[in-house]
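S.K.: sequence first, then the predicted structure, then my questions.
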Amino acid sequence: MKYQDLLPKNKLPIVIIGAGSIVNDAHLPAYKIASFDVVGIFDINNERAKTIAGKFGIPTVYESLEQLVKQAPRNAVFDIALPASEIISSLLKLPDGSPVLIQKPMGNNFTEAKEILQIARSKKLLAGINFQLRYAPFILAARDVIDKGLIGELCDIEINVNIYHPFHLWDFLFKSERVEILYHSIHYIDLVRSFFGNPEGMYAKTVKHTMMPALASVRSSIIMNYGDWIRAIILTNHCHDFNQKHQHAYIKLEGTNGAVRINMGLLMDYPAGTRDVVEFISNKGNSKPEWQSLEVEGTWFPEAFIGTMSQVMKAASGEIERPDNSVEDCIYTMACVEAAYESSEKGGTKLPG
């Protein structure tokens with residue numbers, strides 16, 4: 001499957017709430033590739049909204065959220081690209097029954113996530129969360145390999161990120177009580193869930209670093225418990241600022257007869273990034289198996305963002321019952337995140353006396 005296969009039959013107009021870097025770097029470039037029609041944008045910083053509107057040819061810059069809601073086309077998808085702390089107040093202002101794509105995370109914590117879910121239910125919003133890694137072109141390619149049975153039964157997912165990440169690009173993170181898991185590893189938790197479903201529990205420890213002392217956490221070790229036969233592990237370190245020689249960012253999907261390995265180029269020298277590398281090996285019918293490269297069109301940013309918006313559009317047009325990334329599904333990703341933080345706070349088993 002390619003990202004083009006995710007496109008809806010009916011492309012609905014989009015209005016965007018928020019004009020931050022994620023909109024400039026991912027949402028709007030993705031929508032341009034997909035030929036989605038963005039008809040308007042609002043940001044509390046009107047000049048920033050005007051700049052982005054000019055760059056991407058958006059015809060209307062709204063002066064307020066109330067004006068956006070009042071003047072938006074009746075069939076518009078509301079794209080909320082705001083910090084987690086502003087999601088609930090924005091949702092309450094949307095017309096009942098609206099299709100809406102909400103930038104991750106689904107609130108600052110599980111309590112807010114449950115409130116967002118309740119608002120979506122009470123207002124009958126057709127709401128999806130922008131957990132876009134599950135739609136990244138390299139993940140779609142990996143799913144094809146797995147679905148063809150080339151690596152046997154999937155039994156092991158390892159995600160290992162050892163890079164330098166420029167967190168200073170997002171000012172609001174320095175005020176957040178939670179950073180690494182809530183804003184980064186959450187993608188990997190959601191990805192693992194998309195393959196294995198909900199885990200039995202979470203083991204985790206997330207920590208700070210002297211290089212970035214103002215941030216709540218920048219390194220995490222996470223185990224998702226799927227019992228005795230499946231391993232799912234996430235290791236992240238965003239402070240490896242010792243040139244790129246030993247930096248890495250990979251996803252390994254291992255089965256009973258082979259494996260897929262994805263080097264995520266986006267995270268290397270972010271936001272410039274490098275080329276993704278996708279390889280697989282299969283013992284099936286091979287006495288001397290070798291790793292083979294897969295040519296993949298597109299990458300995580302921006303093409304994966306086509307998938308999240310397409311799911312909401314498809315549901316709004318009746319092509320599917322509800323988005324794959326619906327709030328009803330993504331609430332469980334937030335439950336995993338909450339469990340990870342609880343595990344981190346409680347600490348490991350004490351040594352016996």
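M.R.: On my side now, so go ahead.

S.K.: remind me which residues of this structure are low pLDDT?
M.R.: Along the chain, no part satisfies pLDDT under 70.

S.K.: what's the closest non-adjacent residue to the residue positioned nearest the centre of it?
M.R.: Nearest to the mean C-alpha position of the chain, by Cα atoms, centre = their mean, lies Phe131 at 3.0 Å. Sequence neighbours aside, Asp190 is the residue nearest to Phe131 in space, at 4.2 Å (criterion: Cβ to Cβ, 6 or more residues apart in numbering). C-beta: built from backbone N, CA, C; applies to glycine.

S.K.: contacting residues around that neighbour?
M.R.: Applying Cβ atoms under 8 Å, 6 or more residues apart in numbering to Asp190 gives the contacts 131, 133-134, 330, 333.

S.K.: hang on, the earlier thing: any idea how far Asn286 is from the residue nearest to the centre of the chain?
M.R.: Going from Phe131 to Asn286 by Cβ to Cβ, to the nearest Å gives 35 Å.

S.K.: picking up where we left off before, tell me which two of the contacts of Asp190 sit farthest apart.
M.R.: Using Cβ to Cβ, these span at most 12.3 Å, a distance reached by Leu133 and Cys330.

S.K.: between these two, who's got more neighbours?
M.R.: Cys330 (27 against 22; other Cβ atoms under 10 Å).

S.K.: touching, that one and Ile129? I think so.
M.R.: Yes. Cys330 lies in contact with Ile129 (Cβ atoms under 8 Å); the separation is 4.0 Å.

S.K.: if I look at the two, which residues touch both of them?
M.R.: With Cβ under 8 Å, 6+ apart as the test, Cys330 and Ile129 both reach 104, 106.

S.K.: buried set for stretch 53-73?
M.R.: Buried residues in stretch 53-73, counted by 16 or more other Cβ atoms under 10 Å: 53, 56, 58, 60-62, 65, 68-69, 72.

S.K.: looking at these, which are in helices?
M.R.: Judged by DSSP state H, the subset of the buried residues of stretch 53-73 located in helices is 53, 56, 65, 68-69.

S.K.: what segments of the stretch 151-300 of the chain are helices?
M.R.: With DSSP state H, counting those that start in this stretch as the definition, the stretch 151-300 of the chain shows helices at residue ranges 180, 186-196.

S.K.: quick check, Gln132 in contact with Ala304.
M.R.: Yes. The criterion here is Cβ under 8 Å, and Gln132 meets it with Ala304 at 4.0 Å.

S.K.: quick one: work out the angle between the longest helix seen in the chain and helix 186-196.
M.R.: Secondary structure of the chain per DSSP H: the longest helix is helix 327-346. Using axes from the mean of the first three to the mean of the last three Cα atoms, to 10 degrees, the inter-axis angle of helix 327-346 relative to helix 186-196 is 120 degrees.

S.K.: now do helix 327-346: everything it contacts.
M.R.: Contact with helix 327-346 is made by 102, 104-107, 109-110, 113-114, 116-117, 120, 127-129, 131, 178, 181-182, 185-186, 189-190, 193, 198-199, 201-206, 220, 222, 224, 322, as judged by Cβ under 8 Å, 6+ apart.

S.K.: ok, of those, which come out buried?
M.R.: The neighbour-count test (16+ other Cβ under 10 Å) marks 102, 104-107, 109-110, 113-114, 116-117, 120, 127-129, 131, 178, 181-182, 185-186, 189-190, 193, 199, 202-206, 220, 222, 224, 322 as buried among those.

S.K.: hang on, His34 packs against Thr308?
M.R.: For the record, residue 34 is Ala, not His. No. Here Ala34 does not reach Thr308: they are 11.1 Å apart, not a contact under Cβ under 8 Å.

S.K.: more neighbours, these two?
M.R.: Between Ala34 and Thr308, Thr308 has the larger neighbour count (other Cβ under 10 Å), namely 27 against 22.

S.K.: thank you kindly, that will do.
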